[in-house]
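In: my questions are about this predicted structure, shown below with the sequence.
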Amino acid sequence: MWRFVVGRLLQAIPVILAVITVTFFLVRIAPGGPFDSEKAVIPEVKAALEAQYRLDLPLGQQYLAYLGDLAQGELGPSFKYPGRSVNELIAAGLPATAELGAYALLVAVVLGGLAGVVASLKPNSAQDYIPMSVAMIGICMPTFLLGPLLVLLFGIHLEWLPVAGWGDIPGDKILPSLTLGAAYAAYIARLSRAGMLEVMSQDYIRTARAKGLPEWQVVTRHALRGGLIPVVAFLGPAFAGLLAGSFVVETIFQIPGLGRFYVQAAFNRDYTMILGTTVFLSTLIVLFNLLSDILAAWLNPRLRAQYGEA
Amino acid sequence: MQNYARVVTCCLLSALLLACSAGESNVAQGNRDGILHFGNGSEPQGLDPHVVTGVPESKIIDALFEGLTRKNPWTLEPEPGAAASWEFSEDRRVITFHMQPEGRWSNGDPVTAHDFVWSWRRALDPAMGNLYAYMLYPVKNAEAYATGKIDDPELLGVRALDDMTLEVTLNAPTPYFLQLMDHYSSFAVHRETVERFGKATDRFTRWTRVGNIVSNGPFQLKDWELNRRIVVERNPHYWDNDTVRLNGIVFYPTENAVSEERMFRVNQLHYTGDVPLNKIPAYRSLPNTPFVEAPYLGTYFYLLNTERPPLDDVRVRKALSLAVDREAITRNVLYGSNNPAYAITPPGTLGYQPPQLFSYDPAEARRLLAEAGYPDGDGWPGLELIYNTSESHRKIAVALQQMWKDVLNIKVTLSNQEWKVYLDSVSEMNFQVARRGWIGDYVDPNNFLDLYITEGGNNNTGIADPVYDDLILQRAPRAATQEERFALFHEAETRLMEQMPIIPIYTYASKHLVHPSVKGLPANLMDFINVKYIYLEDVPLTEFELE
């Protein structure tokens, strides 16, 4: 198992290095620079600014200098927010994004898992079709549509929940979590349905039923563990996806998260911020993929054996 | 299984119930405590007056700092700020400012003339990389110093005669100079504080952070949570603290106008920085409407690249402009909030009225296009129009495309570009037709007309007219009276519009939702807010029922 973990971590290094390199040069190729503004910039001022950010050096040298800083954990100063380092901006945005991601994941697992399991118990009946149709709609409905719809219903017409904010007014975390979690709930519903269907036809389920266990015990004691393996495998990438993809929800609900910084950075050509967030998020994605692989192995004896621990 | 469902349902329901017991709204609480909840558009880049550029930044900096003068929000006339009074020399080239005797920084230090001398040197220092350094260019030797041609700051036309007297020498009489004293690029910063955290010209220091920053305005910084809110509270050392009526302001980075409007509707905000276009009719029809609109010192127009065919022919440029039905655009696309524009300067800028040389005239447009060699669009080589990503820019571009098709029978393709790509295209003149807007930094026709001097950094059209340059750069500054000066501007602008390097579309309007409890916040041409005069009246909360 350790060999597997270390091996995967070593594999991650060239991947992340490639991400850095590609991002570094791609953002420089994009037309427009961080100091372009609607009003013409005095050449002397622009030169002074470029010198402050090392942009006056040859590109190769800038790249090496960046890698040097990165090795020390320094992501550099932000272009858009003078006086703030990228490390600081990520640290400021991460808590809200991580919290939002965690709640969204909780929503996704609870709602999606429930729907999938319920659907799988009576395949090809109304009990299957209704949750699965809802799930299909959930997958198709983009967050930028679902968010405003939920706000209109719960925030404005019913006035049950705040329409925006994060931790400012009690209950303002509910709608964003639901909105972000919905699409993932739909995926999880489909995954858990498929997983459960497969498991429910296994011999050991028949054995459990033959012992005379009530159906709900058959499901909770025997079927769930195997049936939810595909869901667990999905959780790692899903959480990373939630962190990287929460931009729309953060904008709709005015949440001070990382996603907003990330997208603004791209629009502003905030080179260091784009790179910093990309490096940070890609590292997270690699780590979460690894975590979910380990978790899946732990749940699945066959995989565990394969990784040489049996 | 049903047990699970039950537990989950119970959890969700109790969470909902908990949420519904949410306390009173921001507006109700704010009205009681004198706290204004302000939708400010976006997270400010920072709070250093010599580093940042942008409207959201200016709103916060205006609350925290104060220039030598501060505009009256009703008349836009300069009122005493850090300076209690000032007088001009005979030739109007030297201004003597007498500092506010009770002027204090938020730590109790006196605000002196030396603070301004030091700060202006900092603002103009090339190492500072201050994008707004040019606002101080009317000051003697400022441009030479900012561009590194001289490096002795003693040569700058600003000096302290004593602690309380500041003398400013200008290159030439500058009628709008006092207005610039209310622009943050001319504000003073607290030297000791800046230097405690780094070099004077270091952009990256922490001196503007909560607990570090020392400012001289009516408010001081209390709390700053990135992308969440900035809270300012009353500055007890402010010289005119008795006039200030608010106890604090909370600025929200409301980037998304749609979300902002929803926050307003449920009384989370007193004031919005913007109003979504499609909500305007509904708000306007409300009795006692919170929707406030006013002309704003800015013009929305299209740049024409006069160096590229077919736009190198003035007849084609005129044909395009005459074929635009501006009334239809402002009525149908902009819901009637804006006025059609026929020149670059917005009408009524300090009483100046720009010339109107043309109006919507399809027949004349067709005639001009035929004369240029494209009768009824025959042989038209095609034309590309670029605009930056935005729903309203797109709508206007589509309207223009259709009008040109209908009136002139010519084909124009539209190309949407992301903001920085668009800026690059414009500055490199890599376009044929490009959307453009210009918002005045100060109320004076000069701020618009000097765009089109031959060497102007924002010309971007290739238009070059030595007579125009002479009018703007030489003759207007030497005019003896404002009438004479305006006559020269009028002559210059007439020449400009005869060349038609731009197609004016409309003059901007400021649009806000303002809660009925907010008083002392009048609409004005600069969309300027003087936080000193704002107060909140405890009116019963209104429900804004739209539709």
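Out: Yes, it's here.
In: burial count for residue 138?
Out: Unless you meant another one, I'm taking chain A. Neighbour count of residue A:138, defined by other CB atoms under 10 Å in any protein chain shown: 24. Just so you know, the C-beta spots here come from the backbone N, C-alpha and C atoms, and that holds for glycine as well.
In: oops, chain B please
Out: Residue B:138, neighbours per other CB under 10 Å, totals 20.
In: and for it, nearest residue in space, chain neighbours not counted?
Out: residue B:174 (4.2 Å; CB to CB, 6 or more residues apart in numbering or on different chains).
In: and for residue B:505?
Out: residue B:300 (4.9 Å).
In: cool, residue B:149 as well?
Out: Closest to residue B:149 by CB to CB, 6+ apart is residue B:143, at 8.0 Å.
In: can you list the residues that contact the strand or helix carrying that neighbour?
Out: Here residue B:143 sits within helix B:142-146, counting by DSSP states H and E. With contacts defined as CB atoms under 8 Å, 6 or more residues apart in numbering or on different chains, helix B:142-146 is touched by A:42, A:44-45, B:124-126, B:130, B:133-134, B:136-137, B:149-151, B:153, B:155-157.
In: helices - which of those residues land there?
Out: A:44-45, B:124 (DSSP state H).
In: between those residues, which sits nearest residue A:223?
Out: When the ones in helices among the contacts of helix B:142-146 are ranked by distance to residue A:223 (CB to CB), residue A:45 comes first, at 67.6 Å.
In: skipping adjacent residues, who's closest to that closest one in space?
Out: Residue A:45's closest residue in space is residue B:129 (CB to CB, 6+ apart), at 5.4 Å.
In: tell me the contacts of that neighbour?
Out: Neighbouring residues of residue B:129 by CB under 8 Å, 6+ apart: A:45-46, A:48-49, A:52, B:51, B:203.
In: point me to the residue of the stretch 101-250 of chain A nearest chain B.
Out: residue A:171 (2.4 Å; CB to the nearest CB).
In: what about that residue, neighbour count?
Out: Around residue A:171 there are 19 residues (other CB under 10 Å).
In: repeat for the one 10 residues further on
Out: Look at residue A:181: counted by other CB under 10 Å, it has 28 neighbours.
In: try residue A:103
Out: Other residues lying near residue A:103 total 18 when counted by other CB under 10 Å.
In: quickly note the distance from it to residue A:172.
Out: From residue A:103 across to residue A:172, the span is 12 Å (CB to CB, to the nearest Å).
In: surely residue B:504 and residue B:347 touch.
Out: No - the criterion here is CB atoms under 8 Å, and residue B:504 misses it with residue B:347 at 11.1 Å.
In: stretch A:140-147 and chain B in contact?
Out: No - Stretch A:140-147 lies out of reach of chain B by CB under 8 Å from any CB of the partner chain, never closer than 9.1 Å.
In: report the buried residues of that stretch.
Out: By neighbour count with 16 or more other CB atoms under 10 Å in any protein chain shown, stretch A:140-147 contains the buried residues A:141, A:143, A:146-147.
In: and it, how far from the chain's centre?
Out: Chain-centre distance of stretch A:140-147: 16 Å, with CA atoms, centre = their mean, to the nearest Å.
In: check stretch A:53-73 too.
Out: Centroid displacement of stretch A:53-73 relative to its chain, using CA atoms, centre = their mean, is 29 Å.
In: surely residue B:66 is in a helix?
Out: No - under DSSP: H, G, I helix; E, B strand; the rest coil, residue B:66 sits outside any helix and is assigned coil.
In: how many residues are close by it?
Out: Neighbours of residue B:66 using other CB under 10 Å come to 30.
In: so how far is residue A:282 from it?
Out: Counting by CB to CB, the gap from residue B:66 to residue A:282 is 46 Å.
In: and residue B:386, what element?
Out: strand B:383-388.
In: parallel or antiparallel, list what pairs with that strand.
Out: Strand pairing for strand B:383-388, determined by DSSP bridges: strand B:412-417 (parallel), strand B:433-439 (parallel).
In: which parts of the very next helix or strand once past that strand are buried?
Out: Once the chain leaves strand B:383-388, the next helix or strand it forms, by DSSP H and E, is helix B:391-408. Within helix B:391-408, the residues that qualify as buried are B:393, B:396-397, B:399-401, B:403-404, B:407-408, counting by 16+ other CB under 10 Å.
In: list, one by one, the residues from the stretch 201-350 of chain B near chain A.
Out: So the stretch 201-350 of chain B meets chain A at B:203-206, B:208, B:225-229, B:252-256, B:258-259, B:262-263, B:265-266, B:268 (CB under 8 Å from any CB).
In: residue B:272 and residue B:258 touch, don't they?
Out: No - using CB under 8 Å, residue B:272 is not in contact with residue B:258; the gap is 10.7 Å.
In: residue ranges of the strands in the stretch 201-350 of chain B, please?
Out: B:219-225, B:229-234, B:248-252, B:291-304, B:339-340 (DSSP state E, counting those that start in this stretch).
In: switch these over to JSON lines; also include mean pLDDT and mean neighbour count.
Out: Shown next, in JSON lines, are those (pLDDT from 0 to 100; neighbours: other CB atoms under 10 Å in any protein chain shown):
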{"stretch": "strand B:219-225", "mean pLDDT": "96", "mean neighbour count": "19"}
{"stretch": "strand B:229-234", "mean pLDDT": "96", "mean neighbour count": "20"}
{"stretch": "strand B:248-252", "mean pLDDT": "96", "mean neighbour count": "24"}
{"stretch": "strand B:291-304", "mean pLDDT": "94", "mean neighbour count": "22"}
{"stretch": "strand B:339-340", "mean pLDDT": "94", "mean neighbour count": "19"}
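In: list the contacts of residue B:127.
Out: When contacts are counted by CB under 8 Å, 6+ apart, residue B:127 touches A:48, B:201.
In: SS state for residue B:464?
Out: With three-state DSSP as the criterion, residue B:464 reads coil.
In: repeat that for the one 5 residues further on.
Out: Recorded secondary structure, residue B:469: helix (three-state DSSP).
In: so for it, what's the nearest residue that isn't a sequence neighbour?
Out: residue B:453 (4.9 Å).
In: go on, residue A:251?
Out: residue B:256 (5.1 Å).
In: same thing with residue A:265?
Out: In space, and not counting its chain neighbours, residue A:265 is closest to residue A:273: 3.7 Å by CB to CB, 6+ apart.
In: is there a neighbour count for the residue in the stretch 201-310 of chain A positioned nearest to chain B? I'd like the number.
Out: Going by CB to the nearest CB, chain B is nearest to residue A:256 of the stretch 201-310 of chain A, at 3.6 Å. Residues near residue A:256, counting by other CB under 10 Å, number 22.
In: wait, it touches residue A:166, no?
Out: Yes - contact criterion CB under 8 Å: residue A:256 and residue A:166 qualify, at 6.2 Å.
In: so what sits against both of the two?
Out: A:96, B:228.
In: how much space separates residue B:45 from chain A?
Out: 6 Å (CB to the nearest CB, to the nearest Å).
In: find the nearest non-adjacent residue to that residue, please.
Out: Nearest non-adjacent residue to residue B:45, counting by CB to CB, 6+ apart: residue B:52, 4.6 Å away.
In: would you confirm that the one you found contacts residue B:46?
Out: Yes - the criterion here is CB under 8 Å, and residue B:52 meets it with residue B:46 at 5.1 Å.
In: and for those two, which residues touch both?
Out: With CB under 8 Å, 6+ apart, residue B:52 and residue B:46 have common neighbours residue A:82.
In: between those two, who's got more neighbours?
Out: More neighbours surround residue B:52 than the other of residue B:52 and residue B:46, with 25 against 22 (other CB under 10 Å).
In: for that one, phi and psi?
Out: Main-chain torsions, residue B:52, degrees, to the nearest 10: phi -90, psi 160.
In: ok, residue A:131 touching residue A:192?
Out: No - using CB under 8 Å, residue A:131 is not in contact with residue A:192, being 10.5 Å away.
In: give me the more crowded residue out of those two.
Out: residue A:192 (27 against 24).
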